[in-house]
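# Need coordinates for the following:
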Amino acid sequence: MDLAETFLLDRQLLELIGVWLLYFFIHSLLASLWLKRRVARRWPEWMPAYRLLFNLQALLLLLPPLYLTYIWDGPFLWQWQGWGWWLANGLALLAAGLFLWSAGYYDSGEFLGLKQWREQERRVEDQEQFHISPLHRFVRHPWYSLGLVLIWTRDMNLAFLLTGLLITLYLVLGSRLEERKLMEYHGVRYRRYRERVPGLIPIPWRYLTRSQAEELQRDE
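Presented below is the predicted three-dimensional model:
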């Protein structure tokens, strides 16, 4: 590989890192209570569409970093083969299945922002009530956990490895920022839940039984 090719590859990787960092910054800023409250004070008429527009921009802004990741044509650092291929892809299929199954436990209208738009809701806080789904009995952020499984069961080249590391770091930090909001929304009840259930990685001796989850949901 000559100097020009090396420079081009380094530039592509720096662009990839920069685009991901920009995406994370914009996503975190728009998701913050600080910005939502500012918008609610100055432009309350925008709030019914806030969640809908937030999801739309999150989807559109995700396209550039994914494009840069997948056009990378460098060599693979590792590829799953033999029994490892079956294990990795089996886990990925399981994660995808659990993701689709668990979606039924969310208020899709509220999650997408359609409910807020339909009801012209101007409150900053999320409208969904405190609810512990089956997967939430084992981890506090099951969709993040399933996303990590999907990422780390793929074949890895340098671009995908950097993407995986950046997304993993963001999910770890983002889950903590999200929990600050959840503490404001649900107070002591969420604190009790957090003390008994791990964040992203299941721990065999830290989970809620069905009856314990139901009891915690009834607590005020």
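
# Please spell out which residues along stretch 92-101 are buried.
Neighbour-count burial for stretch 92-101, with 16 or more other C-beta atoms under 10 Å as criterion, is recorded at 92, 95, 98-99. The C-beta positions use only the backbone N, C-alpha and C, and glycine is treated the same way.

# which non-adjacent residue is nearest the spatially most central residue of the chain?
The chain has Tyr144 as the residue nearest its centroid, 4.7 Å off, counting by C-alpha atoms, centre = their mean. The spatial neighbour of Tyr144 that comes closest, neighbours along the chain excluded (C-beta to C-beta, 6 or more residues apart in numbering), is Leu171 at 4.6 Å.

# what sits against the one you found?
Residues touching Leu171, when contacts are defined by C-beta atoms under 8 Å, 6 or more residues apart in numbering, comprise 141, 144, 147-148, 200.

# And it, how close does it get to Trp152?
Between Leu171 and Trp152 the distance is 12 Å, computed by C-beta to C-beta, to the nearest Å.

# in this structure, which spans are strands?
The residue ranges that make up the strands of the chain, judged by DSSP state E, are 76-78, 156-157.

# Relative to the first one, what are the paired strands and their orientations?
Which is strand 76-78. Here strand 76-78 is paired, per DSSP bridges, with strand 156-157 (antiparallel).

# what's the spacing between the strand it pairs with and its chain's center?
21 Å (C-alpha atoms, centre = their mean, to the nearest Å).

# That concludes my questions; thank you for your assistance.
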